[in-house]
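K.L.:
I'd like to go over a predicted model; first the sequence, then the structure.
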Number of protein chains: 2
Amino acid sequence: MKDKLAIGIDIGGTTAKFGIVNNTGEIIEQDRVPTNVHEKVDDFIDELGYKLMPMIERAGGLEQFIGIGMGAPNGNIYTGTIEYAPNLKWKGIIPIADLFEKKFKLNTKLTNDANAAAMGEMMYGACKGMKHFIVITLGTGVGSGIVIDGKIVVGHDGFAGELGHTIIRPGGRLHKSTGMHGSLEAYASATGVRETAIEMLTQYPEDPSLLRNYTINELTSQTVYECAMQGDNIANNIFEFTGQILGESLANAIMFSSPEAIVLFGGLTKAGNLLLNPTKKHMELNLLPIFQNKVKLMFSELNESDAAILGASALVWDMD
Amino acid sequence: MKDKLAIGIDIGGTTAKFGIVNNTGEIIEQDRVPTNVHEKVDDFIDELGYKLMPMIERAGGLEQFIGIGMGAPNGNIYTGTIEYAPNLKWKGIIPIADLFEKKFKLNTKLTNDANAAAMGEMMYGACKGMKHFIVITLGTGVGSGIVIDGKIVVGHDGFAGELGHTIIRPGGRLHKSTGMHGSLEAYASATGVRETAIEMLTQYPEDPSLLRNYTINELTSQTVYECAMQGDNIANNIFEFTGQILGESLANAIMFSSPEAIVLFGGLTKAGNLLLNPTKKHMELNLLPIFQNKVKLMFSELNESDAAILGASALVWDMD
């Protein structure tokens, strides 16, 4: 009997990454297509199909596959729909799992993109063998996948795990997509780091900073990182502040579910200790003593695009 | 075969309530002893024994009993110990389950007091049949029992569910027992309501208020309630503010675990709609649209001392 295969698809605001995964967690082949060019979701699925169909053939045809696992923003495991995702072009409720089942004739299971990342960590990453942990994705936005007793927390309606939208600074910074004030995502995302940079440069106009050499469009979490590594004071303060907000939010999450570990994942983790040290410090500072110095705070060990595909594909191994 | 019986014990900062419960959830007999007079936990257990032993005899003797279920602040289900409970006289780590097993020769299972309340709601109260809900206890302090997939969330070390200590106003009001600033418990407890009253009366010295007729020692959540019911403006603002803080915290909790319902329990719920209305309003205001108008916010339907005993006794029915 040949090994059965799975397809993992991670849908993000800019691109969808997809690949074929075997049951030992190896990605046999992978590719990507843009998600921000097609007004209609059907056209996106068609373009993905042009690349995925030949992959399926090369792997031995449809009969080698158990199914498709997908991660997407606001993806709902109960309904297989993407609902009102602020960062996607396709508005309203998109029955994406049904659309993929019709197109590819394979069972398709959908979950939130951060939940898929948590599945990946549990099966192939830093959280192998753990039953209680939280994965925080720090990219354009902030997502979370929460695992309790070895299961992803989806709640009564499939939407649980939106730590990025919890309020950590009541009345604080406006989040432009959600209209909320002071949510974690408004600060601890790549977008948030950029806004903190603009705020600090405006607030202290006399303080010298390498960041002043960049145009406002060039100010990104990447440029802030580069300046911080050169010892720039404001750039370092930006990461200190970002870590403080993130650390406070993680402390609140720990007092909720008491995880063994928190894994940070996504583009912002490239900042390394510039982000990890203040986050750890403020996390511990805001914990009751019974929770202090117990929770491992770490970066994902998985390659980012691999992790997204692996995590999504992990949904398939639960299928009948 | 006769029905098997359970003993439920709820240990609080002032009294321990205990009773004998049958397997249909009826309390056959109950009593209470103080917890704040004995310096040594053994003396407390002895006093409880003087009242409980005759009850056990009247119910047919030890052989009718499956075991003892207990709820206590910082009670840990994995270890059977109470650890560093700020509101109890007995300091450090108290092996309370072991001590009860030795004394009464019955299997004893311990959990956090708010978790016991959640067990009670699930088996006998407003949450019968629900798999995802949160119970918030609003008394001298603020506790929480979180149920996901029909199970109490205890986390990797048994201490999960401390929503009262999550930070909702960073840098805000000092919590005198924990040293933390801006935790939910510092505002939404009976103690917190009293502090808000003192703050508001001091902050607006010119505003008339019935609350000014009371001495500082008489200012309690009860007097604030009575004045608010008489239309007092400051007293009403105190509940409005308390509900705002509580509502914001509940919104954060909903975005974490997406429960079907949140049940409010304990002394402060006597304030009724004075508390419920602003809590509901600010909860909804701080939710992402996918969570809005979905979560039932309600008061416990159980009599408070019954609920504590029933909830604790519910631990027994899981025993072998």
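P.N.:
Arrived safely, thanks for sending. Residues are numbered from 1 along each chain as shown, chains lettered A, B, ... in the order given.
K.L.:
the nearest residue to A:Asn76 once chain neighbours are set aside: what secondary structure?
P.N.:
Closest residue to A:Asn76 apart from its sequence neighbours, by C-beta to C-beta, 6 or more residues apart in numbering or on different chains: A:Gly158 at 4.0 Å. Glycine gets a C-beta too; all of them are placed from N, C-alpha and C. What DSSP: H, G, I helix; E, B strand; the rest coil gives for A:Gly158 is coil.
K.L.:
ok, A:Gly158 to B:Ser257 distance?
P.N.:
Here the criterion is C-beta to C-beta, to the nearest Å. By it, A:Gly158 lies 12 Å from B:Ser257.
K.L.:
what does A:Ala308 give?
P.N.:
A:Ala308 is 24 Å from B:Ser257, where distance means C-beta to C-beta.
K.L.:
state which one residue of the stretch 101-250 of chain A is found closest to chain B.
P.N.:
Residue of the stretch 101-250 of chain A nearest chain B, by C-beta to the nearest C-beta: A:Gly155 (2.4 Å).
K.L.:
so what's that residue up against?
P.N.:
Shown in contact with A:Gly155 (C-beta atoms under 8 Å, 6 or more residues apart in numbering or on different chains): A:161, B:132, B:148, B:257-259.
K.L.:
and it, what element?
P.N.:
Under DSSP states H and E, no helix or strand contains A:Gly155.
K.L.:
the residue nearest to A:Asn76: neighbour count?
P.N.:
22 (other C-beta atoms under 10 Å in any protein chain shown).
K.L.:
equivalent analysis for A:Thr79, please.
P.N.:
15.
K.L.:
can you tell me the SS state at it?
P.N.:
Taken by three-state DSSP, the conformation at A:Thr79 corresponds to coil.
K.L.:
and it, what's its pLDDT?
P.N.:
The per-residue pLDDT reported for A:Thr79 equals 96.
K.L.:
quick one on the thing from earlier: who's more crowded, A:Ala308 and B:Ser257?
P.N.:
Neighbour totals were compared for A:Ala308 and B:Ser257, and A:Ala308 leads with 29 against 23 (other C-beta under 10 Å).
K.L.:
residues contacting the residue nearest to that one when sequence neighbours are not counted?
P.N.:
Once flanking residues are discounted, A:Ala308 sits nearest to A:Asp10: 3.4 Å by C-beta to C-beta, 6+ apart. For A:Asp10, the contact set (C-beta under 8 Å, 6+ apart) comprises A:16-18, A:70-72, A:113, A:116, A:305, A:308-309, A:311-312.
K.L.:
quick check: A:Asp10 is in a helix.
P.N.:
No. A:Asp10 is assigned strand when assessed by three-state DSSP, not a helix.
K.L.:
and it, what are its bridge partners?
P.N.:
A:Lys17, A:Gly71 (DSSP bridges).
K.L.:
buried ones in the host helix or strand of A:Thr202?
P.N.:
Assigned by DSSP H and E, A:Thr202 belongs to helix A:190-203. Neighbour counts over helix A:190-203 (16 or more other C-beta atoms under 10 Å in any protein chain shown) mark A:190-197, A:200-201 as buried.
K.L.:
kindly indicate which of those lies nearest A:Trp90.
P.N.:
Using C-beta to C-beta, A:Thr191 is the member of these that lies nearest A:Trp90, at 20.8 Å.
K.L.:
A:Thr140 is in contact with that closest one, correct?
P.N.:
Yes. Using C-beta atoms under 8 Å, A:Thr191 makes contact with A:Thr140 at a distance of 6.0 Å.
K.L.:
per-residue confidence averaged over stretch A:47-65?
P.N.:
If you average the pLDDT over stretch A:47-65, you get 96.
K.L.:
who touches it?
P.N.:
Counting by C-beta under 8 Å, 6+ apart, stretch A:47-65 makes contact with A:2, A:4-7, A:9, A:16, A:18, A:20, A:28-29, A:31, A:33, A:38, A:103-106, all of which sit outside it.
K.L.:
of all residues in chain A, which one is nearest the centre?
P.N.:
A centroid search over chain A (C-alpha atoms, centre = their mean) returns A:Thr137, at 3.5 Å, as the residue closest to the centre.
K.L.:
ok so it is a helix residue?
P.N.:
No. Secondary structure of A:Thr137 (three-state DSSP): strand, not part of a helix.
K.L.:
so in terms of bridging, what pairs with it?
P.N.:
Counting by DSSP bridges, A:Thr137 is bridged to A:Gly143, A:Phe265.
K.L.:
who's in contact with it?
P.N.:
A:113-114, A:117, A:143-145, A:265-266.
K.L.:
now do the helices in chain A.
P.N.:
A:41-58, A:96-104, A:113-124, A:185-188, A:190-203, A:221-229, A:233-257, A:273-285, A:304-314 (DSSP state H).
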